[in-house]
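*Asks:* next one to model:
(one chain, ligands or ions: 2)
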Amino acid sequence: MSVVIKVDQVSKIYQLGQIGTGTLASDLASAWAGITGKDDPNKKIDDESDKSTHVALRDVSFDVNRGEVLGIIGKNGAGKSTMLKILSRITSPTSGSIKIKGRIASLLEVGTGFHPELSGRDNVFLNGAILGMTKAEVNRKFDEIVDFSGVEKFIDTPVKRYSSGMYVRLAFAVAAHLEPEILIVDEVLSVGDAEFQKKCLGKIKDVSTGDGRTVLFVSHNMEAVKNLCNRVVLLEKGGVIDIGSPATTVNAYFKRNTNYFGHVKYSATNAPGNETIILLSADLKINGGDILEIDKGVAINFEFELRQSFDEFNYSLNMFAITGEHIFNSQSASFKAEKGILKASCIIPPNLMNNGDYSISILAVNKGSMPLFNFENVLQFEIFDNRKDGKWFGEIGGAVRPKLDWIL
Ligand SMILES: Nc1ncnc2c1ncn2[C@@H]1O[C@H](COP(=O)(O)OP(=O)(O)OP(=O)(O)O)[C@@H](O)[C@H]1O
Ligand SMILES: [Mg+2]
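*Replies:* Ligands and ions are numbered 1, 2, ... in the order given. Predicted structure coming up:
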């Protein structure tokens, strides 16, 4: 396996209020204003923090092998785009080094890479030239690019008149078809419609598998990350938290970014709810142990404060996979509920759920299905598979894994 990108202890410190507006053109305008003593055209009105700094990346190291699709994930502001900009040489690291073998095509935020005054056609050739291709080589790819982008009607219009969706369509088509050795794709795809996004994800897969080219892919779409990537880097506050397989790293991301626990107790000031009902605590009790495994039952205990009485009150519990997929709903019987403390327990039986990460919401309901309050994401937990004893091969799919009665 040959390493094509080596990121070695890279840190990036931004000087807030100085250069660093996001695009090269506006950064140059800011720098020029600084040199000539004019007002910075990009200075924000509330920019009081001229002297302060912000660490966008700290000591980031990783290697990327040829033909790999490396995902970079993390919350907003984690440093993903900064990393891609450093690799695309749009900005330089404050310390550390990067080594890159091969021609890079980058698809960063909408606006980089294209010249606004030039037509779509001219921009295709300009980008080809930047990637070191001859006119004849670009010519050969031209129809394919325009066809993929779906903007042929506007190919001779200056790109400054394009909508952001059209812009991204053409930019992606160019980047993916001009045979760069390394393709860098930031979130820009989210600008396009769902159909185009799907087409792009398919193309990225082709580029990496068919031609053995390397792809760096930043996205908040965890399904796409799991589908496309061989390996994933998890960034948090500029630092690397985890590098590993998509399944484990995406899981680590979810766990760090939801309040992942089996017990929660609220105080008077932070209890969720409204004038009719508040949640005081929720807790998860595993039957026979501390580790929740698929063949163990679990009791979920809630304590609410009801601020008025209801004649016909009930609960509606919803179980979600932590990725958002709705697994099931279960509604309690209705009962007469008096104002005051209200306790409820429900038991999830053993051998119902598959292993995985789950989240529970509970909706308090009044007579006639009138929702009083939906307590979302009250508890998150992981169910472990304790039956992987050599008899099972790989993951067993599905959200539930019920133990059915077999008649044999
Ligand atoms: N040009 C800049 N000048 C100053 N600070 C910046 C600049 N660009 C980014 N930052 C700061 O650096 C941090 C990392 O930003 P970055 O854009 O890399 O995050 P991200 O992971 O791409 O986030 P998102 O998911 O929102 O795209 C943020 O706190 C951001 O505010
Ligand atoms: Mg970003």
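
*Asks:* neighbours around Asn287, how many?
*Replies:* 13 (other C-beta atoms under 10 Å). The C-beta positions use only the backbone N, C-alpha and C, and glycine is treated the same way.

*Asks:* name the nearest residue to it, sequence neighbours excluded.
*Replies:* Spatially, and ignoring its direct neighbours in sequence, Asn287 is nearest to Gly297 (4.3 Å; C-beta to C-beta, 6 or more residues apart in numbering).

*Asks:* in this structure the one you found contacts Pro349, no?
*Replies:* Yes - the criterion here is C-beta atoms under 8 Å, and Gly297 meets it with Pro349 at 5.4 Å.

*Asks:* which one of these two is surrounded by more residues?
*Replies:* Neighbours were counted for Gly297 and for Pro349 using other C-beta under 10 Å; Gly297 has more, 15 against 12.

*Asks:* in this protein, what secondary structure element scores lowest on mean pLDDT?
*Replies:* helix 24-36 (a mean of 54; mean pLDDT, DSSP states H and E).

*Asks:* re earlier: the residue nearest to Asn287 and ligand 1, how far apart?
*Replies:* 39 Å (C-beta to the nearest ligand atom, to the nearest Å).

*Asks:* same question, Ile155
*Replies:* 30 Å.

*Asks:* pretty sure Leu118 is one of the things that residue touches, is it not?
*Replies:* No - the pair Ile155 / Leu118 is not scored as a contact, 11.4 Å apart, by C-beta under 8 Å.

*Asks:* so which of these two has more stuff around it?
*Replies:* Ile155 (18 against 15).

*Asks:* burial of Ala333, as a residue count?
*Replies:* Neighbour count for Ala333, taken as other C-beta under 10 Å: 7.

*Asks:* same thing with Val225?
*Replies:* Neighbours of Val225 using other C-beta under 10 Å come to 21.

*Asks:* ok, now Met319?
*Replies:* 19.

*Asks:* check contacts around it.
*Replies:* Residues in contact with Met319 (C-beta atoms under 8 Å, 6 or more residues apart in numbering) are 326-330, 348, 353, 358-360.

*Asks:* can you check Ile204 too?
*Replies:* 69, 176, 183, 185, 215, 217, 228.

*Asks:* how far away is the spatially most central residue of the chain from ligand 1?
*Replies:* Residue closest to the mean C-alpha point of the chain, counted by C-alpha atoms, centre = their mean, is His220 at 1.9 Å. Per C-beta to the nearest ligand atom, His220 is found 6 Å from ligand 1.

*Asks:* my read: that residue touches Val250, true?
*Replies:* No - look at His220 against Val250 with C-beta under 8 Å: they stay out of range, at 11.2 Å.

*Asks:* what sits in contact with each of the two?
*Replies:* Ile73.

*Asks:* what residue ranges in the stretch 151-300 of the chain are flagged as low confidence?
*Replies:* Confidence mapping of the stretch 151-300 of the chain against pLDDT under 70 gives the ranges 190-192, 257-261, 290.

*Asks:* tell me how many other residues crowd whatever residue of the stretch 151-300 of the chain ends up closest to ligand 1.
*Replies:* For the stretch 151-300 of the chain and ligand 1, the shortest gap (C-beta to the nearest ligand atom) falls at Glu187, measuring 6.0 Å. Other residues near Glu187 come to 17 when the count uses other C-beta under 10 Å.

*Asks:* likewise Val168?
*Replies:* Val168, neighbours per other C-beta under 10 Å, totals 23.

*Asks:* right, and Asn366 touches Tyr315 too?
*Replies:* No - using C-beta under 8 Å, Asn366 makes no contact with Tyr315, being 11.3 Å away.

*Asks:* can you tell me the SS state at Met83?
*Replies:* helix (DSSP: H, G, I helix; E, B strand; the rest coil).

*Asks:* distance of it relative to Gly102?
*Replies:* 17 Å (C-beta to C-beta, to the nearest Å).

*Asks:* higher neighbour count, these two?
*Replies:* Met83 (29 against 12).

*Asks:* which residues in the stretch 201-350 of the chain form strands?
*Replies:* Listed in chain order, the strands of the stretch 201-350 of the chain (DSSP state E, counting those that start in this stretch) span residues 214-218, 231-236, 239-244, 263-265, 277-286, 298-306, 310-321, 326-331, 335-337, 340-348.

*Asks:* point out the most buried one among those.
*Replies:* strand 214-218 (a mean of 25; mean count of other C-beta atoms under 10 Å).

*Asks:* give the pairing partners of that strand; include direction for each.
*Replies:* strand 69-73 (parallel), strand 182-185 (parallel) (DSSP bridges).

*Asks:* quick one: the shortest one near ligand 1?
*Replies:* Which is strand 182-185. No - applying C-beta under 6 Å from any ligand atom, one finds strand 182-185 separated from ligand 1 by no less than 12.6 Å.

*Asks:* flag every residue of the stretch 1-150 of the chain that's near ligand 1.
*Replies:* Checking the stretch 1-150 of the chain against ligand 1 by C-beta under 6 Å from any ligand atom, the hits are 14, 16, 20-22, 54, 56, 74, 76-82.

*Asks:* for those, which one is nearest Phe148?
*Replies:* Nearest to Phe148 out of those is Ser81 (C-beta to C-beta; 24.5 Å).

*Asks:* hmm, that closest one is touching Thr91, no?
*Replies:* No - Ser81 lies out of contact with Thr91 (C-beta under 8 Å); the separation is 10.0 Å.

*Asks:* re the thing from before, which one of the contacts of Met319 sits closest to Val233?
*Replies:* Nearest member of the contacts of Met319 to Val233, counting by C-beta to C-beta, is Ser359, at 24.7 Å.

*Asks:* list the contacts for the closest one?
*Replies:* Per C-beta under 8 Å, 6+ apart, neighbours of Ser359: 258, 319-322, 377, 379-380.

*Asks:* one more time with 6 Å, if that's ok
*Replies:* Contacts for Ser359 were tallied using C-beta atoms under 6 Å, 6 or more residues apart in numbering; they are 320, 322, 377, 380.

*Asks:* okay, and the beta partners of it?
*Replies:* Applying DSSP bridges, one finds that Ser359 bridges with Phe320, Gln380.

*Asks:* quick check: it vs Val64, distance?
*Replies:* 33 Å.

*Asks:* nearest to Ile241, of the strands paired with strand 214-218?
*Replies:* Once the strands paired with strand 214-218 are compared by C-beta to C-beta, strand 69-73 is nearest, at 9.8 Å.
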